[in-house]
Every structure is written in C-alpha cells, then in structure tokens.
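> here is a sequence with its predicted model. Questions after.
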Amino acid sequence: LQFLYFIAPAHKMSGCCKTVSGGSKYPLDPLSGEEIKQACKIVKEKFSEVAKDLTSSDMHFSAVELAEIKKELLYNNDTDEFIHKATEEMLAAVPRVANVAMFMKEKDGTNRVFSIRVDLKTEEITYKEEPKGTQPNVHLEEFLEAEKLVQQDPKFIEAMKKRGLTDSSRWMVEPWSAGNFGYEKEKNRRIVRTQVWCRDPGDKVKNSALDNGYAHPVSGLVAVVDLVTGTVEVEEQEVPGHEFVPVPKAPGNFSRSFLKEQNISERTDMKEIDIKQPKGTSFTVDGKLVTWQGFSFRVGFNWREGLTLHHISYQSDSDIASDNRRRPIANKISCCEMVVPYLSGDPVHARKNAFDMGEYGVGFMSNSLTLGCDCLGEIHYFDAELNTMGGDSFPIKNAICLHEEDYGMLWKHTDWRLDLQDHPEKTAIARSTRLVISSVCTLGNYEYGFFYHFYQDGTIEVQLKATGLVNTNAIVPGQPEDGQVLGDGLVAQNHQHAFSFRLDMAVDGMKNTCVETNTEIKPFDPKTNPYGNQCDVVSKQLCSEKEAQRDVNPQTMRIWKVTNENKKNRVGQPTAFKLTPGGGSAFSMLHPGSPVMNRATFMKHHLWVTPYSESEMYAAGRYPNQSTGEGVGLENWTANDRNIKDTDVVLWHTCNMHHLVRLEDFPVMPVDYTSFTLKPCGFFDYNPTLRVPSKRVSQ
C-alpha cells in the first residue's frame with residue numbers, strides 16, 4: 001500500500017527533521033499497530049458472540065479506530081482544566097476501547113455489516129450492532145481490487161477496444177462510491193461505480209506510464225463492481241449521432257520530465273530560501289502532547305478524519321495575568337466530513353458526489369510528507385498506523401508535520417512625536433511566529449491539505465488547501481459543457497467542496513453558550529443618528545438547536561461567539577472565543593430534495609450547534625456509504641430542538657468552496673484556499689503578546 005503515499009520532491013531545501021516516537025502515553029493517543037491487530041484478533045476469536053451463524057474465515061475489516069472516551073475521565077472539574085499528563089493510575093483506570101467496522105460476505109452475494117466495540121484491556125466485545133441499509137467505508141484494498149476486476153472484464157475490454165484503446169496498462173479505472181439514488185437493483189449490495197481515463201491514447205509522449213491520464217477521459221463508459229461477488233457490469237451511455245464520444249488525445253502534462261521533453265526549462269531567477277533555526281524550535285513534544293507559546297494540545301489521527309487536535313488549552317504568563325491555569329479552549333477540533341458534488345446533468349457524472357471522509361477515509365489516503373517539499377525548516381513528524389482488511393496494520397511514515405513559520409508583523413506603533421526627537425524608543429514592534437501542524441491527502445485526482453495555525457495572540461486558524469488535478473469529461477459538439485472547456489472535446493466540470501468541521505468547544509470549561517453578533521446600520525435620524533454613520537452591534541444567545549441553524553451574512557459582518565457565562569474577564573463580560581468564517585462560505589447548489597442533499601444535510605447551513613453526544617460524531621452519520629441519510633446527520637439530530645444554552649456544546653461549521661473551473665487550473669491546479677478562525681474575544685484581559693521579543697530574526 002505504501003506506493004499510494006509517495007510524493008517525489010521537485011527540489012530539496014535544507015532543514016532538519018525528527019520523527020516523534022515514544023514519549024509519555026495518554027488515553028487519547030491513537031491506536032498503535034499492535035492494538036489494531038489485537039482488536040481484530042479479539043473479534044475473530046470471539047465472533048460467535050457477534051453472529052453465531054457466521055464464521056471468521058471471511059471477515060473484512062473496513063476500519064479500526066480508538067473509541068470516544070468519556071470526557072469526565074480526562075477533566076479536572078475542581079480546576080476546570082483538562083488533565084495535562086496521565087498518571088499510571090489514570091492509564092490503568094481509563095478503558096482502552098476500539099471501534100471496529102467490518103462486513104461478512106454471504107453466500108447469496110449480499111453482505112452483513114457489523115459495528116463492534118472491543119475493550120482491549122479485558123479483551124471482551126462490549127457492544128455490537130448490525131446496521132441496515134448502509135455500508136462501511138470502501139477500503140484501499142477494495143479500490144485496487146476493483147480496478148483489477150474491471151481491467152480483466154471481457155465486456156469492458158471490448159468497449160475499450162472499439163475506442164481504439166487496447167493497452168490495458170494505460171487504463172485508469174477509478175472506483176467512485178455509488179451513493180444512493182433509489183435504484184432497486186443497487187439495494188443491499190456493496191458496489192462502486194468506476195470512471196475511466198487512459199494515459200497517452202495518441203502515443204504522443206515518450207513515457208506513457210507517466211502521462212497525465214486526466215487529460216484523456218473515456219466518456220460514457222461505466223463499470224459497476226460488486227465488491228462482494230467480484231462481478232462487473234458494464235454500462236455504456238448512448239450519444240445521439242455517435243457510436244461513442246472520442247477520447248481527447250492532446251497531452252496535458254506538468255512534471256519536470258515532460259517539460260524537458262518539450263524544451264521548457266525551469267526558471268533560473270528564483271533564489272533558494274534557506275530556513276534555519278540554529279538554536280532549535282520553540283515548541284516541545286512529549287509523545288502526542290505539543291506545547292508552544294502558552295498553547296498546548298494533543299495530536300490525534302484516525303482513518304476517517306486524518307489529523308485531529310484534542311485538549312486545546314492556553315496558559316497565560318503568570319506575571320501579566322491573574323489566571324494562569326491551563327485554560328481549556330476546545331476538547332476536539334477536526335474535519336469530520338466532506339462531500340464533493342459535481343454540478344453536471346450528465347447521467348454518468350451526476351452521480352459523482354464523494355463523501356471523502358465517511359466513504360473512503362482521509363487518514364487512509366494521507367501522504368507520507370517530504371522535507372523540502374511539503375514542509376520546510378526544523379520539522380517534527382508524527383507517524384500513523386491504520387488497519388488492513390485482513391486485520392493487520394500498516395504504517396504511514398511522516399503522516400503529520402509540525403513546524404514554526406515567521407509570520408511578519410505581530411504588532412507595531414511609531415510615536416511620531418518621539419520620531420521627531422529621534423528617540424531610541426520611538427517605535428515599538430513585535431514580530432510574529434506561528435505554529436503549523438498539517439497533513440495532506442490524495443483522493444483520486446485531488447489533493448487536500450489540512451493546516452492548523454496557532455498564533456501568539458491566541459488565535460487558531462484552520463486552513464484548507466485544495467490542489468491536484470481537475471476531474472474531466474469528454475464531450476461532442478452539442479452536449480452540455482457543465483464546466484470549463486480545456487481543449488478539443490475536453491471539459492472540467494464545475495463542482496463544490498463542502499467540509500464540515502466539528503468544533504467540540506470548552507471555553508474556560510464545559511458549559512458554554514453560542515452567541516450570534518450582527519452589526520446593523522442604524523437608521524438615519526436627526527436626533528439619534530444625525531451623521532448617518534452609527535451602527536448597532538446586536539448580540540443574541542442561540543438557545544436551541546433550530547435557532548442555531550445559521551448562515552453567513554457579510555452585510556452584517558456576522559460572527560458567532562462561544563461564551564462561558566460563568567467566567568468573567570476584567571470588565572465583567574463572559575470570556576469567549578469567536579468563530580469568523582473565511583472565504584469558503586458558498587451556499588449549496590443542490591436542490592433540497594436531491595439524493596445527495598438528503599445525505600449531506602450539513603450543507604444546508606454554515607453553522608449548526610448541538611449539545612455534545614457521543615453518538616453524534618460525524619455530520620453525515622457514522623456510515624454514509626450507500627445510505628439514504630434517513631435518521632442520521634445534523635438535520636435529523638437537530639429536529640429534536642434540544643437546549644444548547646450553558647451546556648456542553650459542539651459547533652459544526654460548513655466551509656464550502658465553489659469551484660468554477662478556470663483554464664489556469666489545468667493541467668495541474670494551483671492551490672485554492674479557504675479558512676476560518678477561532679479568535680479570543682474577551683478571553684484575555686489584555687493583549688497576550690506583550691512579552692514577545694522585538695527582535696528574533698537573525699540579521
């Protein structure tokens with residue numbers, strides 16, 4: 001599997017890297033490779049407790065991960081702090097439990113799905129459920145097997161042959177999740193639908209194996225693969241007046257070897273940027289615990305969400321703050337789901353709507369990061385361990401990157417009166433450093449970078465980077481384009497990338513309230529607003545789930561604050577952090593009753609707020625693969641309209657990138673960004689960066 005994670009660096013930069021292993025243990029640490037194997041072994045040995053009529057000879061483990069731990073076991077109520085480090089007594093007392101998603105193949109060609117919880121200390125199965133009408137995620141091994149089955153299918157070979165494509169080594173057969181569109185023939189089957197491209201169909205490049213196949217879509221040809229029976233059903237779309245849509249043959253390459261082949265040289269006017277920290281980094285790492293400039297947090301990783309952050313806290317300097325507790329900010333922050341609906345009416349491409357986290361798993365698709373390419377400077381890496389379908393484990397080396405970056409001006413003021421006197425203290429300035437923890441995954445044609453930035457003023461920025469290759473289709477004259485024409489018969493379809501970030505907040509404690517703030521123009525009035533320049537800042541507590549289904553409003557500069565009404569700052573206001581949406585605030589283009597929207601109801605709003613529930617961890621439910629969406633997901637959960645005032649609240653923020661493809665996105669797409677911030681808003685009594693040195697950069 002390791003070849004799926006390899007990225008060849010385009011160039012090297014100097015720097016230093018260290019892979020973190022060992023260190024202090026903590027209950028939130030991800031499952032190790034040995035624990036993954038132990039969990040699967042227990043299930044195999046005790047499977048009679050799960051399903052007495054099945055044997056363990058044909059078990060398929062889709063996912064294994066650490067189960068949610070009860071918050072009270074990791075929190076000190078007396079001091080309102082997360083327990084920073086675990087004692088031996090704590091490690092012994094807190095259960096070590098694995099969630100296991102698996103399926104068993106039946107003789108009639110169907111499969112049974114099981115959701116199992118395994119206590120690794122007692123080696124007992126503590127929970128078992130057989131979900132109906134859904135499937136666990138499609139594993140990496142199933143992707144590889146599906147491509148192999150399609151490439152060997154006689155009907156598919158014949159369909160490719162009539163298009164003049166006979167070299168199967170050039171065929172790119174990519175499985176896509178089938179979704180749920182209500183077709184009777186797809187019920188109770190574990191299937192994927194494949195899209196097809198072909199490398200170098202016109203024999204135009206020297207090394208066909210490296211050709212960008214996404215420049216050559218094989219349109220109108222779909223293979224449906226049954227992952228239980230191994231059967232393949234070939235579907236061909238009828239095109240009026242044509243036997244088939246011709247495959248575009250013009251190359252669309254971008255790698256260095258192809259640039260040389262076309263006599264295109266690299267730029268020579270760029271000088272190397274050499275990042276060095278001769279005295280080391282300002283952060284410390286102990287196991288999965290990171291501390292930096294007042295911040296502390298724990299690093300997590302799982303098959304679905306990839307990088308996760310836990311127990312985010314801030315400890316103020318004791319000499320400028322009266323409260324120097326390690327003050328909690330959030331219990332967990334993660335991207336818990338995403339969906340990429342393609343906005344095409346083509347019957348083949350209309351079904352492209354990947355729930356990349358719940359259906360595939362960002363963790364499974366994570367890259368092994370490379371110094372000088374993905375990360376620069378003094379780097380700490382964290383490795384990851386995930387499961388195979390047979391119950392073994394495999395590593396992802398350097399799955400997470402941690403480093404510091406110079407970030408320019410932190411604050412500055414020049415006293416112009418002192419400037420006239422040429423006073424040595426005429427200018428006060430501090431330079432900013434930020435801490436970056438990141439991971440990158442490859443999902444088919446796209447790459448996604450998940451970056452968490454910590455700033456010295458207490459701000460936490462969540463940034464998404466989208467790059468890679470645009471998904472393409474071939475058309476003939478008269479067919480709808482549904483996107484950007486890239487060349488003769490080649491189109492990249494418009495689409496959206498909707499991400500649901502789950503923000504399990506704990507601002508100064510576990511009891512929080514969400515407050516919406518709008519800035520409204522005050523009506524012109526000779527008495528109350530005689531100059532027409534006044535505004536009212538209107539704040540309102542969101543007290544119930546339905547009241548908290550909210551959307552961005554740039555006209556009123558809408559923000560949402562997470563407040564602790566029980567903790568006050570020096571002016572008597574509740575301590576708070578505010579959520580400020582960034583550029584990825586597009587509204588959904590899906591019809592409310594469409595099959596995709598029924599499963600991705602989180603797209604309907606930019607903000608949802610719920611009371612914490614251990615069973616509500618993922619915005620589209622635990623098993624979105626081939627589900628109808630009925631009974632799960634944010635819209636269903638919030639229908640109960642539960643209280644969310646002065647309680648343990650979870651904010652769900654939808655970032656939606658609206659991608660109208662540009663010519664400049666081909667052949668490889670420059671990074672597109674979206675972000676949001678969690679910023680202290682009355683959390684501190686003063687600017688917390690007053691003690692940051694004015695000079696920290698070598699001259």
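Cool, got the structure. Residues are numbered from 1 along each chain as shown.
> low-confidence stretches in the stretch 301-450 of the chain?
Scanning the stretch 301-450 of the chain for pLDDT under 70 picks out 318-323.
> all helices for it, in order.
416-420 (DSSP state H, counting those that start in this stretch).
> go on, the stretch 1-150 of the chain?
Assigned by DSSP H, counting those that start in this stretch, the helices in the stretch 1-150 of the chain fall at 33-45, 88-93, 140-151.
> can I get those in JSON lines with distance to residue 476, mean pLDDT and mean neighbour count?
Yep, even glycine has a C-beta here, placed from its N, CA and C like the rest. Output for the helices of the stretch 1-150 of the chain, formatted as JSON lines (distance: least, Cβ to Cβ, whole Å; pLDDT from 0 to 100; neighbours: other Cβ atoms under 10 Å):
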{"stretch": "helix 33-45", "distance to residue 476": "49", "mean pLDDT": "96", "mean neighbour count": "19"}
{"stretch": "helix 88-93", "distance to residue 476": "65", "mean pLDDT": "95", "mean neighbour count": "11"}
{"stretch": "helix 140-151", "distance to residue 476": "24", "mean pLDDT": "97", "mean neighbour count": "19"}
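> shaky segments in the chain?
Confidence mapping of the chain against pLDDT under 70 gives the ranges 1-22, 48-57, 318-323, 695-699.
> and the helices of the stretch 1-150 of the chain as a markdown table, adding distance to residue 296?
Below are the helices of the stretch 1-150 of the chain laid out as a markdown table (distance: least, Cβ to Cβ, whole Å):
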| stretch | distance to residue 296 |
| --- | --- |
| helix 33-45 | 25 |
| helix 88-93 | 17 |
| helix 140-151 | 34 |
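> now do the nearest residue to residue 98 once chain neighbours are set aside against residue 676, distance only.
Leaving aside its chain neighbours, residue 98 sits nearest to residue 39 (3.8 Å; criterion: Cβ to Cβ, 6 or more residues apart in numbering). Computed as Cβ to Cβ, to the nearest Å, the residue 39 to residue 676 distance reads 35 Å.
> one step back: so which of the helices of the stretch 1-150 of the chain gets nearest residue 571?
Using Cβ to Cβ as the measure, helix 88-93 is the one of the helices of the stretch 1-150 of the chain that comes nearest residue 571, at 37.8 Å.
> which residues does the closest one contact?
Applying Cβ atoms under 8 Å, 6 or more residues apart in numbering, the external contacts of helix 88-93 come out as 25-27, 73, 83.
> now with 7 Å?
25, 27, 83 (Cβ atoms under 7 Å, 6 or more residues apart in numbering).
> also stretch 527-543?
Identification of contacts with stretch 527-543 by Cβ under 7 Å, 6+ apart yields 513-524, 548, 609, 643-645.
> dump the C-alpha coordinates for that stretch into CSV.
Taking C-alpha atoms only, stretch 527-543 is exported to CSV below (Å, rounded to 0.1, in the frame of the first residue of the first chain):
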residue,chain,number,x,y,z
LYS,A,527,-31.6,63.0,16.8
THR,A,528,-30.3,59.5,17.2
ASN,A,529,-28.0,59.3,14.1
PRO,A,530,-27.6,62.8,12.8
TYR,A,531,-24.5,62.0,10.7
GLY,A,532,-25.7,58.6,9.4
ASN,A,533,-22.6,56.8,10.5
GLN,A,534,-23.7,54.9,13.5
CYS,A,535,-24.3,51.1,13.9
ASP,A,536,-25.8,48.9,16.4
VAL,A,537,-23.9,45.7,17.5
VAL,A,538,-26.7,43.3,18.2
SER,A,539,-25.9,40.1,20.1
LYS,A,540,-28.3,37.2,20.7
GLN,A,541,-27.9,33.9,22.5
LEU,A,542,-28.8,30.9,20.4
CYS,A,543,-30.6,28.7,23.0
